[in-house]
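Peer 1: need a structure here:
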Amino acid sequence: MVLFRLAAVIVGNLALIVASLAAPPERPSTLKRPVTDTYHGVSVTEDYRWLEEDANPEVKRWLAEQNAFTRAWLDAIPQRAAIRTRVADLLGAAPVRRYDFQYRGKTLFALKIAPPKNQPLLVALPRKGDVRGEHIILDLNALDPAGRTTIDFFTPSFDGKRVLVSLSKNGSEDGTAYVYDVATGKRLADEIPGVTYPTGGGSFEWAADGRGFYYTRYPHEGERAPEDRHFFQQVYFHRLGAPVASDTYVIGRDFPRIAEIALEASRDGAYLLATVRNGDGGEIAYHLKGPDGRWREIAGFTDGVKRLRFGGDGMLYGMSVKDAQLGRIIVISPLRPAIAGARVLVPEGKIVAEDVHATRSLVYVKYRDGGPSIVRVYSHSGKMLRSLPAPPASEVTIAEQLDGDDVLVTTMSYVEPRAVARYDAHAGRLVATELNGPYPFAMDDAVVERDFAVSKDGTRVPVTIVHRKDAKRDGANPTLLYGYGGYGLTMVPWFSPLLRLWLDYGGVYAVAGVRGGGEYGEPWHLAGNLTRKQNVFDDFAASIDLMIERKFTRTEKLAIMGGSNGGLLMGATLVQHPRLVRAVVSEVGFYDALRWELQPNGEFNVTEFGSVKNAEQFRALYAYSPYHNVRDGVAYPAVLFSAGENDGRVAPYESRKMTARLQAATSSSSPILLRTESAAGHGIGTALSTRIEEQTDVYAFLVGELGMADSSPPTPGH
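Peer 2: All right, here's what the predicted structure looks like:
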């Protein structure tokens, strides 16, 4: 009897403990410290400016409280443990994949993802894609077992004997250049810090003789004011074995403060091309250095050239939108390097010309039509010969040029993983390779549909919808809608193993190709940038309406997700339409549109978003700024914000301020959560182990908020 009574007490106490754990944790409160600014006669007051102070102990305490609140909420979701196992399996047991191919010195170089390793390996394949001859040049997992070091980019020498590598830590994208011997994997003594940063990016390229290289360089201490540290990018030259202090200036002093420089040499190394972006708004200029050492401007920021690269015949091939909104393919001789002398190879067509690669006697042109892409093959005279075979509604890309007219081609769709093939130009066929392995599950139970939403101004917006074949149109499907809408970047057909998880939990996945992106070329981009940004948000709201009207889902079962610029889209959508969705996942986004340009990378984005210094642009920014349009007493949906402490593209305080504002304003009991990752930045270079935890939290949040089944998902592929 005593034992029974003791057991009863224990059981009762356990019940209380379980009940207390199941109770929602108390939402943290945030001090208000009003600050007022005046823009063009308009006074704007905010309460959470103090959260911008990264080093402030109060901010650190606040962040610790928020992380604890978020952790308690997410860990209490019953499905999280099962989802953690499933995400770890899908990401950690994924097949070997190779990407970022570069062919030099009869050797194919690539980055190799080999789960469960945290970071990619740099490998060389002497037989142009035969994995049996592969050897490892650099294994970051051995260099840094914690998985905190990543490869930003790499460039092999022309003879394939050495390779330049930029390495950075903790997702910072603050890269240092090193030189590795390809045969032995040994690192040379040369070390150049600061060749890349999240603001203007970075690049390097070898000299033809392999004894030195060109690289992008930010101002060193004492050269400019501290606030200019991550601006005024220039190009310098380094001779192998020489001290960095003796490196010589090459070009860039006359470039804009927000210049972003990319370097590319002709196949023989005789010419060096510098592609210069005026920030992130799409204005691009091109400068060419010839064998005589002189630099000549080929095209300026207003000349409309969007792509330019060397062909296998030594000519420059590009895509121009000047007087051709959908793009035409042009050819420029490096002997007469000027846009005025360009020859039109392929005139403007009915769909968007996006990219061009020219081999010895063929020209491969990539076209896009609202999301999916195709590649057409032309002769050097401009005659259309054929289109490359590809699955329907897929992404087709020329991954690298090989010998002669052969190229590597990658194809991918929402339901077919990325495949890498060699296009045998002589035979006119694709030859499969083993560069990417197969996934251990199928997607043949899924179907991909394309539909169109009608935006506020009547514009038709493409929406791609992926669901299981047995999904019913009864308005009851948990649905996740993704969006981005910026910089002319297209939401291309993309394969993710986590889509398998979402479908297995009964979910529908959709992607909205809103304006601001590149789905229909530069006109589509320009219709959603600067003072026209509201079009992006209207397009996305119309896409939400479409999913409900087509009876895929209803508000209570609908979530939206986006990151970075897509985070702005999430913020604007939830404040403009708080009753349209049940849950929001917003990753590394920015929300204070009035102070965005004060961040180093924010200034690079003025050409895309505008500036508060301009009265008209200020009015547009203020009208949609998510942070400034949160209203007290509104029942906002559940939100999961995420940020990386080392993010140099979007300051993590953006997420802090938006979280505080929403937590104080909402009248809903739905959670407003902030997840800040200490070992990550904007998401680039994040260790696999960290990504598993991040994605576990995202899908646990979605599954919990949308009331999806808490039982184990079905067997993959069934």
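
Peer 1: residue 169 is in contact with residue 149, isn't it?
Peer 2: Yes. Taking contacts as Cβ atoms under 8 Å, residue 169 lies within contact range of residue 149: 5.3 Å. For the C-beta atoms, the positions are set from N, CA and C on the backbone; glycine is no exception.

Peer 1: list the contacts of residue 594.
Peer 2: Taking Cβ atoms under 8 Å, 6 or more residues apart in numbering, we find residue 594 in contact with 37, 39, 44, 612, 618, 621, 622, 625, 628.

Peer 1: now, of the residues you listed, which are buried?
Peer 2: 44, 612, 618, 621, 622, 625, 628 (16 or more other Cβ atoms under 10 Å).

Peer 1: in what helix or strand does the third one lie?
Peer 2: This means residue 618. helix 615-624 (DSSP states H and E).

Peer 1: by contact count, what packs against the helix or strand following that helix?
Peer 2: Where DSSP H and E defines the elements, the next helix or strand beyond helix 615-624 is strand 638-644. With contacts defined as 3 or more Cβ pairs under 8 Å, 6 or more residues apart in numbering; DSSP states H and E, strand 638-644 has these neighbours: strand 583-587, helix 653-665, strand 672-677, helix 688-705.

Peer 1: which of these is buried the deepest?
Peer 2: strand 583-587 (a mean of 26; mean count of other Cβ atoms under 10 Å).

Peer 1: partner strands of that strand and their direction?
Peer 2: Taking DSSP bridges as the criterion, strand 583-587 sits next to strand 558-563 (parallel), strand 638-644 (parallel) in its sheet.

Peer 1: hang on, the earlier thing: kindly reformat the helices and strands packed on strand 638-644 as CSV containing mean pLDDT and distance to residue 358.
Peer 2: CSV is the format used below for the helices and strands packed on strand 638-644 (pLDDT from 0 to 100; distance: least, Cβ to Cβ, whole Å):
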stretch, mean pLDDT, distance to residue 358
strand 583-587, 97, 37
helix 653-665, 96, 42
strand 672-677, 94, 42
helix 688-705, 94, 37
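
Peer 1: so for residue 86, which of those sits nearest?
Peer 2: helix 688-705 (8.3 Å; Cβ to Cβ).

Peer 1: also compute the angle for that closest one relative to strand 638-644, please.
Peer 2: Helix 688-705 and strand 638-644 meet at an angle of 170 degrees, taking axes from the mean of the first three to the mean of the last three Cα atoms, to 10 degrees as the criterion.

Peer 1: count the residues that sit near residue 439.
Peer 2: Neighbour count for residue 439, taken as other Cβ atoms under 10 Å: 19.

Peer 1: ramachandran angles for it?
Peer 2: Dihedral pair for residue 439: phi -80, psi 150, per degrees, to the nearest 10.

Peer 1: quick check: it touching residue 94?
Peer 2: Yes. At 6.7 Å, residue 439 counts as touching residue 94 under the criterion of Cβ under 8 Å.

Peer 1: overlap in contacts, these two.
Peer 2: Listed contacts common to residue 439 and residue 94 are residue 497; contacts here mean Cβ under 8 Å, 6+ apart.

Peer 1: direction included, what does the longest strand seen in the chain pair up with?
Peer 2: In the chain, taking DSSP state E as the definition, the longest strand is strand 187-197. Using DSSP bridges, strand 187-197 pairs in its sheet with strand 175-181 (antiparallel), strand 201-202 (antiparallel).

Peer 1: for residue 161, which of the ones you listed is the nearest?
Peer 2: With Cβ to Cβ as the criterion, residue 161 lies closest to strand 175-181 of those, at 7.2 Å.

Peer 1: Three-state assignment for residue 288, please.
Peer 2: Following DSSP: H, G, I helix; E, B strand; the rest coil, residue 288 is assigned to strand.

Peer 1: number of residues surrounding the residue nearest to it when sequence neighbours are not counted?
Peer 2: Setting aside the residues directly before and after it, residue 288 is nearest to residue 337 in space (Cβ to Cβ, 6 or more residues apart in numbering), at 4.7 Å. Around residue 337 sit 22 other residues, with neighbours defined as other Cβ under 10 Å.

Peer 1: you'd agree residue 337 is up against residue 296?
Peer 2: Yes. If you go by Cβ under 8 Å, residue 337 and residue 296 touch, sitting 5.1 Å apart.

Peer 1: what touches both of the two?
Peer 2: 288, 290.

Peer 1: would you agree residue 571 is in contact with residue 586?
Peer 2: Yes. With contact defined as Cβ under 8 Å, residue 571 counts as touching residue 586 (6.3 Å).

Peer 1: what sits up against stretch 390-402?
Peer 2: Here stretch 390-402 makes contact (Cβ under 8 Å, 6+ apart) with 99, 101-103, 108, 128, 312, 355, 357, 359, 364, 366, 371-375, 388, 407-414, 416, 420, 422, 448, 450, 464, 492-494.

Peer 1: need the buried ones from the residues you listed selected in PyMOL.
Peer 2: The PyMOL selection below is limited to those of these classed as buried (16+ other Cβ under 10 Å):
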select buried, resi 101+102+103+108+128+312+355+357+359+364+366+371+372+373+374+375+388+407+408+409+410+411+412+413+414+416+420+422+448+464+492+493
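
Peer 1: in the stretch 351-500 of the chain, what residue spans correspond to strands?
Peer 2: Secondary structure of the stretch 351-500 of the chain by DSSP state E, counting those that start in this stretch: the strands cover 352-358, 362-368, 373-379, 384-387, 395-401, 407-412, 419-424, 429-432, 446-454, 460-468, 479-482.

Peer 1: I appreciate the help and will end here.
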